[in-house]
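Structure here, sequence nowhere to be found:
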DNA sequence: CGTATTCGATACATTAATGTATCGAGCATG
DNA sequence: CATGCTCGATACATTAATGTATCGAATACG
């Protein structure tokens, strides 16, 4: 055992559960590896933040070794950007799905909160990553515009849903729709934060169920 | 020049401008050093995040060398906590000041936004640090409760101001006051974020001047 | 089947970061 | 004014992290 020891991935059981560990043996190997690395990256970034991650921690979490990493990426920042990209895509897809599944009738201000809850996954990692992205964008001029563009794409989806919802409720915006959407997003994200922090007395449900409807009422008026 | 070279701080001109560089020569030296380290830490943490900071970067930014650091702290995390502590104190102090300077009359919903703007400094570093704190608290169980306690202290100040303001305006909360405060904070922080990100179409002023008053109107009712 | 190629595992050299130990200048106290 | 002590500068040893170079197994292709 002088040099080569084991060829198989270190320990498949520590890999991400989302992707079938040994999926379809004869598959495009590289793509699979990339995916597993990104999956692991989500977890590791969420847990330690962009600055607290090493190549080792990343590859170990994915069940690979340094070789796999440098074969697929050249820097941790690159991985981070790839993760951002993927998350954004997923988010937009969810948003579109949510639009399409808008209930035709039986629709109240309260249900907007519920819909919002389905647009983005409300798990811890998603939120942590979103915060991390924001921070990164705030710090690094060079990725800022890309990030902002993505956020704005999501906002325009929100605009769309919200505009439709208000109309359906027989109300119209008392302020530019964008500003109402922004308020919506602010409340949702802040609610997520307090929820995860476990701040006493306020829960996401309260925010979405009690506060949001009233706010929307205040920001709109009868047709 | 075998071992000892220069005794004076590397380069005082690179130090923080906030504290008189060679203030009162015969002063408590240690305290001064600590302060300068913390001042530098604010800048460095804001710029690189907790995970992107090394002892060297910190001490260099403060114009000291490693020795000063290890003499005052034993780990970067400790510095971070000290910074959090100091920022919180400052924030609370600002909040109290804002309360005391509440204008007696000539008071409208719009002026609440203006007051809010004076409670927290709206500079970039403050916001970046706040985000970083939140993230840190979300990740580290052991500091979470302390962080939450601080946040809640601030919230209760906000509650106080807001309650007084509404009363003075002849209105009363339509929802538990806490929830309204939380909404206020959500809008303010989110507004800060979009402001610093340079998201087009929405500015902090708009949020505080246009959106906030209407929201407060919607969340309260005439006495 | 055999051969070329791709991908990821491992080893190694290099650089960065840490923590400790030592030293001397300045300040305070007697 | 001398003596002790505190604090911060520097050097050094150690550990962590990086990036590159090499190799072999699996896959694709003929």
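Alright, I've got the coordinates. Predicted model, so just to flag it, every value in this text is computed and none were measured. Numbers count the residues shown, from 1 in each chain, chains lettered A, B, ... in the order given.

Test of understanding: give the bridge partners of the closest residue to residue A:220 other than its chain neighbours.
Distances taken as Cβ to Cβ, 6 or more residues apart in numbering or on different chains place residue A:171 nearest to residue A:220, at 4.2 Å, with adjacent residues excluded. To be clear about C-beta, it is placed using only N, CA and C from the backbone, and glycine gets the same treatment. Going by DSSP bridges, residue A:171 is paired in beta bridges with residue A:222.

As a check, name the ranges of all strands in chain A.
Ranges of strands in chain A, per DSSP state E, are A:171-173, A:220-222.

Pick the most deeply packed of those.
Ranked by mean neighbour count, these are led by strand A:171-173 with a mean of 16 (mean count of other Cβ atoms under 10 Å in any protein chain shown).

Could you pull up the mean pLDDT of it?
For strand A:171-173, mean pLDDT is 97.

before we move on, back to that, tell me the contacts of the residue nearest to residue A:220?
Neighbouring residues of residue A:171 by Cβ atoms under 8 Å, 6 or more residues apart in numbering or on different chains: A:220-223.

Please name the spatially closest residue to residue A:150 (chain neighbours excluded).
Per Cβ to Cβ, 6+ apart, closest to residue A:150 is residue A:88, 4.5 Å.

Could you check the pLDDT of that neighbour?
For residue A:88, the pLDDT comes out at 90.

Residue A:93 versus residue A:39, what's the distance?
Using Cβ to Cβ, to the nearest Å, residue A:39 is found at 17 Å from residue A:93.

Tell me which of those two has more neighbours.
Applying other Cβ atoms under 10 Å in any protein chain shown to residue A:39 and residue A:93 shows that residue A:39 carries more neighbours, namely 19 against 10.

Thought residue A:62 was touching the more buried one, still the case?
Yes. If you go by Cβ atoms under 8 Å, residue A:39 and residue A:62 touch, sitting 7.1 Å apart.

Chain A - how does it break down into domains?
Residue ranges for the domains of chain A, per automatic domain parsing: A:7-74, A:76-223.

tell me, how many neighbours does residue A:63 end up with?
Residue A:63 has 21 neighbouring residues, counting by other Cβ under 10 Å.

How about the one 5 residues further on?
Other residues lying near residue A:68 total 19 when counted by other Cβ under 10 Å.

per-residue pLDDT, it?
96.

Likewise for residue A:7?
Residue A:7 carries a pLDDT score of 33 in this model.

And the one 4 residues further on, by the same measure?
According to the predicted model, the pLDDT of residue A:11 comes to 35.

ok, now the one 4 residues further on?
At residue A:15 the predicted local confidence, pLDDT, stands at 35.

That's all I had, so thanks and see you.
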